[in-house]
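1. Structure, please.
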Amino acid sequence: MRLGVDFGGTKLEAAVISSDGQIACRERIATPTDYGAAIQAVGHLIRSTAEKGGISRQLCRVGVGIPGSQSPVTGLIRNANSTFLNGRPFALDLQAATGLDVRVANDANCFALSEAVDGAGAGHPSVFGLILGTGCGGGVVIDGRLVEGVGLVAGELGHTPLPWQRANEWPGPLCWCGRHGCLETWVSGPAVERHFLADHGHRLSL
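-> Numbering: from 1, shown residues only. Next up is the predicted model:
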């Protein structure tokens with residue numbers, strides 16, 4: 001049994017998965033807006049789903065996918081669109097809060113590797129996974145192995161500029177990273193909603 005947490009820009013979701021890949025239980029809550037509350041919320045999800053899934057806390061192994069990555073030098077989070085995570089020792093703080101061995105990884109890398117192993121990319125020599133959610137992220141898997149690069153940001157394209165911008169698109173929307181025209185400001189969920197509202201005068205109804 002494994003316990004995984006998806007730390008998204010708008011929601012946190014935890015799931016307990018059995019050895020045959022079946023979801024034993026899952027729970028979702030809204031993502032808090034500050035760091036302390038986020039630590040408490042993730043800790044609550046871990047404890048709650050472990051109990052519901054029948055996992056002994058002493059044997060519980062936890063993985064958390066986040067919108068960003070740990071610096072290989074400092075261990076601190078960087079490049080997260082949930083900006084309150086940046087500059088924080090998120091994995092260490094979660095371990096302290098839960099008393100468990102918690103591993104943190106980039107969510108797009110987790111997604112790409114999962115699809116390459118037993119999902120849509122299974123059996124293919126190279127797989128690129130793209131996440132379009134609150135942000136925009138990517139992961140690359142070659143011959144079944146995740147390619148992270150020296151800085152652990154290989155495959156990340158959310159903060160590259162929109163290519164071939166027209167004159168009326170320059171310099172592009174301001175991104176949370178401080179630059180203009182990042183791909184994330186055009187293709188993420190909030191960006192699509194913003195552009196639709198600007199073009200049509202009302203929000204998109206699904």
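2. List the buried residues for the longest helix anywhere in the chain?
-> Longest helix in the chain by number of residues (criterion: DSSP state H): helix 35-52. Neighbour-count burial for helix 35-52, counted by 16 or more other Cβ atoms under 10 Å, picks out Tyr35, Ala38, Ile39, Ala41, Val42, Gly43, His44, Leu45, Ile46, Arg47, Thr49, Ala50. Just so you know, the C-beta spots here come from the backbone N, C-alpha and C atoms, and that holds for glycine as well.
3. Which of those sits closest to Val187?
-> Ala38 (25.1 Å; Cβ to Cβ).
4. With distance to Asp107 and pLDDT added, can I get the buried residues of helix 35-52 in TSV?
-> Compiled in TSV, the buried residues of helix 35-52 are given as follows (distance: Cβ to Cβ, whole Å; pLDDT from 0 to 100):
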residue	distance to Asp107	pLDDT
Tyr35	18	97
Ala38	15	97
Ile39	18	97
Ala41	16	96
Val42	14	96
Gly43	19	93
His44	20	93
Leu45	15	94
Ile46	17	92
Arg47	22	90
Thr49	18	92
Ala50	21	89
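5. ok, so of those, who is nearest Cys25?
-> Using Cβ to Cβ, the buried residues of helix 35-52 come closest to Cys25 at Thr49, 5.7 Å.
6. which SS class is the nearest residue to Asp107 once chain neighbours are set aside?
-> Leaving aside its chain neighbours, Asp107 sits nearest to Gly65 (3.7 Å; criterion: Cβ to Cβ, 6 or more residues apart in numbering). Using DSSP: H, G, I helix; E, B strand; the rest coil, the structure places Gly65 in strand.
7. In the sheet, which residues pair with Gly65? Tell me.
-> Counting by DSSP bridges, Gly65 is bridged to Asp6, Ala105.
8. cool, Cys25 as well?
-> Going by DSSP bridges, Cys25 forms beta bridges with Val16.
9. Quick one: neighbours of it, just the number.
-> Neighbour count of Cys25, defined by other Cβ atoms under 10 Å: 17.
10. can you check Ser114 too?
-> By other Cβ under 10 Å, neighbour count at Ser114 equals 19.
11. Contact partners for it?
-> Applying Cβ atoms under 8 Å, 6 or more residues apart in numbering to Ser114 gives no contacts.
12. now swap in Leu174 and tell me
-> His180, Thr185.
13. what's the answer for Glu169, then?
-> Leu162, Gly181.
14. Now do it against Pro163, distance only.
-> 11 Å (Cβ to Cβ, to the nearest Å).
15. and if you look at Gly151?
-> For Gly151, the distance to Pro163 - Cβ to Cβ - is 22 Å.
16. Neighbour count: those two, which is higher?
-> The residue with more neighbours, out of Gly151 and Pro163, is Gly151; 13 against 7, by other Cβ under 10 Å.
17. So the residue nearest to that one when sequence neighbours are not counted: helix, strand or coil?
-> Closest residue to Gly151 apart from its sequence neighbours, by Cβ to Cβ, 6+ apart: Pro72 at 7.1 Å. The three-state assignment at Pro72 reads coil, by three-state DSSP.
18. quick one, phi psi at Pro72?
-> The phi/psi pair for Pro72 (degrees, to the nearest 10) reads phi -70, psi -10.
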